[in-house]
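Undergrad: sequence first, predicted model second:
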Amino acid sequence: IVKVMENYQITVGHIEGVPLPSITCDAWDTIYGFQARGDDILIATYPKAGTTWMQEIVDLILQEGDAQKGRRAPCFIKVPFIDLVPPKPMPSGVELAQTMKSPRVLKTHLPINLLPPSFWEKNVKAVYVARNAKDCMVSYYYFQKMNKGLPPPGTWENYFSTFLSGDVPWGSWFDHVIGWGKAMDKHQILFIFYEDMIEDPMREIRKVTKFLGKDLSEEVLENIKYHTSFQAMKENPMANYTALPSAVMDQTISPFMRKGTVGDWRNHFTVAQNIIFDEEYKKKMEGSGLNFRTEL
Ligand code: A3P
């Protein structure tokens with residue numbers, strides 16, 4: 001893997017105008033044709049919205065709070081990422097999912113219009129985690145710096161425009177949250193805000209538990225909260241991506257579990273950028289019915 005990744009040059013293609021790693025585009029027919037099962041649980045997010053956090057929560061709900069079982073494998077093996085096709089010999093998300101026993105928990109970053117139709121045909125339950133765009137942008141900037149599977153972000157100044165224009169892998173943050181938000185009317189989707197999870201993790205863990213039709217004791221819920229805290233996950237080698245070689249993710253550049261806060265954008269946005277952002281945001285989000293908080 002180290003050799004493959006050292007020689008790997010990421011390129012980006014497009015599917016229906018959405019930028020995606022070329023290796024994903026090359027495997028598009030297989031990904032779009034993915035066969036969901038009725039008891040799958042899908043975790044859908046725009047990148048950096050708190051995907052891994054929700055993966056750990058959902059997995060521990062299914063394991064009834066048994067942290068030992070939660071550590072049976074790294075998060076990216078337990079929860080296949082169906083739209084990712086890493087270079088060989090690493091298995092693709094689809095391949096991993098196909099060999100998995102039910103109930104499966106699956107991850108996607110796809111905008112709703114690119115989701116394999118089988119998920120809705122099978123009436124699969126989906127948990128969508130949304131995070132405010134400003135913090136998402138900052139988090140994605142650092143992630144694109146350290147993840148060799150993504151294009152380097154360039155300077156912060158350039159990245160600011162790139163992100164706003166939606167020219168980043170998996171496309172526009174705006175299209176993503178608006179698309180998934182609208183789909184709530186039609187499908188079994190639980191929409192969770194990252195900021196709400198930070199504010200009151202217990203409340204949000206309860207929501208997810210109920211949505212999945214589980215009934216867990218207070219003690220188990222407390223246990224889940226404890227093991228999915230930022231600190232616990234940062235120290236958990238199965239959750240913090242240190243199971244991947246640095247040729248894939250170089251955590252000396254930026255750790256995967258970086259800050260885990262609301263409002264870090266204040267340390268990065270200039271006053272001028274903030275004005276530009278707020279104007280653009282108002283135009284794009286008007287009438288969306290979605291209210292994001294950028295600070296608590
Ligand atoms: P930061 O870069 O702002 O720290 P994803 O899993 O979608 O890639 O999202 C990663 C982001 O979620 C990172 O944000 C990471 O620190 C944060 N995160 C992961 N686990 C968390 C937790 N238990 N509590 C709070 N934030 C968490």
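TA: Structure received.
Undergrad: surely residue 230 and residue 260 touch.
TA: Yes: in this structure, residue 230 is within contact of residue 260 by Cβ atoms under 8 Å, at 3.9 Å. For glycine as for every other residue, the C-beta is placed from the backbone atoms N, C-alpha and C.
Undergrad: show me where pLDDT drops low in the chain?
TA: Counting by pLDDT under 70, the chain shows no low-confidence range.
Undergrad: show me the strands in it, by range?
TA: For the chain, the strands defined by DSSP state E cover 12-15, 18-21, 41-45, 105-108, 125-130, 189-193.
Undergrad: Throw these into CSV and include mean neighbour count and distance to the ligand, thanks.
TA: Below are those laid out as CSV (neighbours: other Cβ atoms under 10 Å; distance: least, Cβ to the nearest ligand atom, whole Å):
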stretch, mean neighbour count, distance to the ligand
strand 12-15, 15, 18
strand 18-21, 21, 15
strand 41-45, 25, 5
strand 105-108, 24, 9
strand 125-130, 24, 7
strand 189-193, 20, 12
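Undergrad: around the ligand, pick out the residues from the stretch 151-296 of the chain.
TA: Where the stretch 151-296 of the chain comes near the ligand, counting by Cβ under 6 Å from any ligand atom, the residues are 228, 229, 230, 233, 257, 258, 259, 260, 264.
Undergrad: filter these to the buried ones?
TA: Buried by 16 or more other Cβ atoms under 10 Å: 228, 233, 257, 258, 260, 264, out of those.
Undergrad: against residue 234, how distant is the third one?
TA: In this structure, residue 257 lies at 4 Å from residue 234, with Cβ to Cβ, to the nearest Å as the measure.
Undergrad: tell me, what's touching the two both at once?
TA: Shared contacts of residue 257 and residue 234 (Cβ atoms under 8 Å, 6 or more residues apart in numbering): residue 240.
Undergrad: hmm, back to that, a markdown table for the residues of the stretch 151-296 of the chain next to the ligand, including distance to residue 280?
TA: Shown next, in a markdown table, are these (distance: Cβ to Cβ, whole Å):
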| residue | distance to residue 280 |
| --- | --- |
| 228 | 33 |
| 229 | 34 |
| 230 | 30 |
| 233 | 32 |
| 257 | 30 |
| 258 | 25 |
| 259 | 24 |
| 260 | 26 |
| 264 | 20 |
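Undergrad: just the ones of those residues in helices?
TA: Taking DSSP state H, the ones among these that sit in helices are 230, 233.
Undergrad: residue 117: which of the residues of the stretch 151-296 of the chain next to the ligand is nearest?
TA: When those are compared for distance to residue 117 (Cβ to Cβ), residue 228 wins out at 31.5 Å.
Undergrad: just give the nearest non-adjacent residue to residue 296, would you?
TA: With Cβ to Cβ, 6 or more residues apart in numbering as the criterion, residue 296 has its nearest non-adjacent residue at 5.1 Å, and that residue is residue 262.
Undergrad: my read: that neighbour touches residue 230, true?
TA: No: using Cβ under 8 Å, residue 262 makes no contact with residue 230, being 11.8 Å away.
Undergrad: who in the stretch 1-150 of the chain is up against the ligand?
TA: Within the stretch 1-150 of the chain, the positions near the ligand by Cβ under 6 Å from any ligand atom are 45, 47, 48, 49, 50, 51, 52, 53, 135, 139, 142.
Undergrad: cool, thanks, signing off.
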